[in-house]
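J.: predicted model follows, preceded by the sequence.
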Amino acid sequence: MFDKWADKYPKVKEQFPHETSLEKYVYTDVSKYNTAFSSMIHKEFGMALYELSKLLNKT
């Protein structure tokens, strides 16, 4: 998904008058993307993570 967005990045560059405004735009979009997808965990990985945290907290 991020790759698709990155392919569109050069096309969007023409809309911004300064390089800093483009960088702010990219930073904002990447931050939104990371926030949206950082909490996603595969079902079995989530269960394994829970079991590991349980084992580590026993000691």
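T.: Alright, I've got the coordinates. Numbering: from 1, shown residues only.

J.: now Tyr25: which helix or strand?
T.: Using DSSP states H and E, Tyr25 sits within helix 19-38.

J.: could you name the helices and strands sitting against that helix?
T.: helix 2-12 (3 or more CB pairs under 8 Å, 6 or more residues apart in numbering; DSSP states H and E). Placement of C-beta: from N, CA and C, glycine included.

J.: same question for the helix it packs on, mean pLDDT?
T.: The pLDDT scores in helix 2-12 average 61.

J.: shaky segments in this protein?
T.: Filtered on pLDDT under 70, the chain yields the residue ranges 1-14, 59.

J.: how does it look with 80?
T.: By pLDDT under 80, the low-scoring segments of the chain are 1-18, 36-44, 46, 58-59.

J.: please list the residues outside the helix or strand just after the helix holding Tyr25 that contact it.
T.: Of the helices and strands lying after helix 19-38 in sequence (DSSP H and E), the nearest is helix 43-58. Helix 43-58 is contacted from outside by Ile41, using CB atoms under 8 Å, 6 or more residues apart in numbering.

J.: shift numbering so it begins at 56
T.: All set: I'll call the first residue 56, so the last point we hit is now helix 98-113.

J.: what comes up buried for helix 98-113?
T.: Within helix 98-113, no residue counts as buried by 16 or more other CB atoms under 10 Å.

J.: give me the phi and psi angles of Pro72.
T.: Main-chain torsions, Pro72, degrees, to the nearest 10: phi -70, psi -30.
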